[in-house]
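Colleague: 3D, please:
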Amino acid sequence: MTASITPPSLLAVTGATGFVGQHLILKALELGYRVRAMARTPAKLGGLSHENLDIFAYGLGVDDAAFVKDCDAVIHLAGLIKAQTRTTFDAVNVDAARELASAAAGEGVSRFILFSSLTARVPELSDYAASKRAGEEAVKTFYTGPLAIIRAPAIFGPGDEATAPIMKLIKKGLLPTAGGAGWKSRRLSLVAVEDIVSDCLLRGLSGDYDGRIVSPCNVGHVTWPEFARIASAAAGRSVKVLPIPLSIIFPVAAMTSVTSRLLNKGHLTLGKLREFRYDDWSSTDLIEGVPSMESRLRETLLHYKTHKD
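Modeller: Prediction:
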């Protein structure tokens, strides 16, 4: 195992203005790290200021070498989750990742941590999944030092725009999912944002994940009915799974696929539907010593009870 990277080491973090990125930066600063954050729109950081935080106000590919110069580790979070074409996905999730990895190798950065997606496990499901797998391969080819790939499962937490609609439905007693044959036995893994960023900074930077592909999670194997039982306990009320019939959801996804390609509007494309309907998004990489899934979900639901976002 290579040496741990410990505070006050300098971390280069992309995707700084995203949901995970903001949590990771705050935790890194709390732990005593120095952070160089790439934020194309610094205003999205909400005025965050710290003596150990240096903000680079431009995007990937502008000057990657300068961004990673003298850094001890790169944590690459930036990526597209929605795009009109596979080519657009690849421009960021593959090409930009390759260039950053090459720059990190050229500048002698000691460790690279790539945040990918659990969907990369099955790249044929969607353009997004395929681009994430291809991005992993590109980074592995161009960065030759200690590399950890974190294939994140479903991430949730207070203030997350992606999961907010689901959390608000849980508060009303409903847990929506795609219907169809076998929906009750589909397995998923979930992780609270606080826990995956802490795990990245503690185990990722220590070298525990070097040369590995991991999916850290609070719960690694849960079916939708089991998820509903956890949600019921967290919400303090009965929560029932709402399987949406394929006769309804397929036409919606087909239409969204068209509007997404033409106008870049909509999220539930046919590719995304195939991801939702995949039967096994489980993980064995449980994070030890963190609050239970029920506890983290309760915190998230409480946030949406007291905030309007």
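Colleague: Okay, domains of the protein per the record?
Modeller: Using automatic domain parsing, the domains assigned to the chain come out as 10-152, 157-189+218-309.
Colleague: Need the winner for burial among those.
Modeller: With neighbours defined by mean count of other CB atoms under 10 Å, none of the domains of the chain is more surrounded on average than domain 10-152, at a mean of 20. Bear in mind the C-beta positions are built from the backbone N, C-alpha and C, glycine included.
Colleague: ok, residue 283 to residue 166 distance?
Modeller: 19 Å (CB to CB, to the nearest Å).
Colleague: Kindly report the same for residue 123.
Modeller: Applying CB to CB, one obtains 25 Å for the distance of residue 123 from residue 166.
Colleague: now residue 273
Modeller: From residue 273 over to residue 166 (counting by CB to CB), the distance is 16 Å.
Colleague: Then residue 220?
Modeller: Applying CB to CB, the value for residue 220 to residue 166 is 19 Å.
Colleague: Then residue 285?
Modeller: Taking CB to CB as the criterion, residue 285 is separated from residue 166 by 23 Å.
Colleague: ok, now which ones touch the residue nearest in space to the middle of the chain?
Modeller: Most central residue of the chain, judged by C-alpha distance to the mean C-alpha position with CA atoms, centre = their mean, is residue 152 at 5.1 Å. For residue 152, the residues meeting the contact criterion (CB atoms under 8 Å, 6 or more residues apart in numbering) are 20, 115, 116, 117, 118, 191, 196, 215, 216.
Colleague: Just confirm the second one is within a helix.
Modeller: No: secondary structure assignment (DSSP: H, G, I helix; E, B strand; the rest coil) places residue 115 in strand, not in a helix.
Colleague: Kindly state the beta-bridge partners for it.
Modeller: For residue 115, the residues forming beta bridges with it (DSSP bridges) are residue 150.
Colleague: what about the strands in this structure?
Modeller: In the chain, the segments counted as strands under DSSP state E are 10-13, 34-38, 53-56, 73-76, 111-117, 147-152, 154-156, 174-178, 187-192, 213-214, 219-223, 240-244, 280-281.
Colleague: Please produce TSV containing those strands, extended by distance to residue 27 and mean pLDDT.
Modeller: Formatted as TSV, the strands of the chain follow (distance: least, CB to CB, whole Å; pLDDT from 0 to 100):
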stretch	distance to residue 27	mean pLDDT
strand 10-13	11	98
strand 34-38	10	98
strand 53-56	12	96
strand 73-76	11	98
strand 111-117	14	98
strand 147-152	15	98
strand 154-156	14	97
strand 174-178	29	97
strand 187-192	12	98
strand 213-214	18	98
strand 219-223	21	97
strand 240-244	33	97
strand 280-281	25	98
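Colleague: which intervals of the stretch 1-150 of the chain have sub-threshold pLDDT?
Modeller: Applying pLDDT under 70 to the predicted model, the residue ranges of the stretch 1-150 of the chain that meet it are 1.
Colleague: need the helices for it, in chain order.
Modeller: 19-31, 64-68, 86-90, 97-106, 127-142 (DSSP state H, counting those that start in this stretch).
Colleague: Turn those into JSON lines, columns for distance to residue 175.
Modeller: Output for the helices of the stretch 1-150 of the chain, formatted as JSON lines (distance: least, CB to CB, whole Å):
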{"stretch": "helix 19-31", "distance to residue 175": "21"}
{"stretch": "helix 64-68", "distance to residue 175": "41"}
{"stretch": "helix 86-90", "distance to residue 175": "29"}
{"stretch": "helix 97-106", "distance to residue 175": "34"}
{"stretch": "helix 127-142", "distance to residue 175": "23"}
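Colleague: From residue 174, how far off is the residue nearest to the centre of the chain?
Modeller: 25 Å.
Colleague: I'd say residue 151 and residue 122 touch.
Modeller: No: here residue 151 does not reach residue 122: they are 11.0 Å apart, not a contact under CB atoms under 8 Å.
Colleague: Would you mind finding the longest helix in this protein?
Modeller: If you go by DSSP state H, the chain has its longest helix at helix 246-263.
Colleague: could you give the angle of it to strand 240-244?
Modeller: Angular relation of helix 246-263 and strand 240-244 on a 0 to 180 degree scale: 70 degrees, by axes from the mean of the first three to the mean of the last three CA atoms, to 10 degrees.
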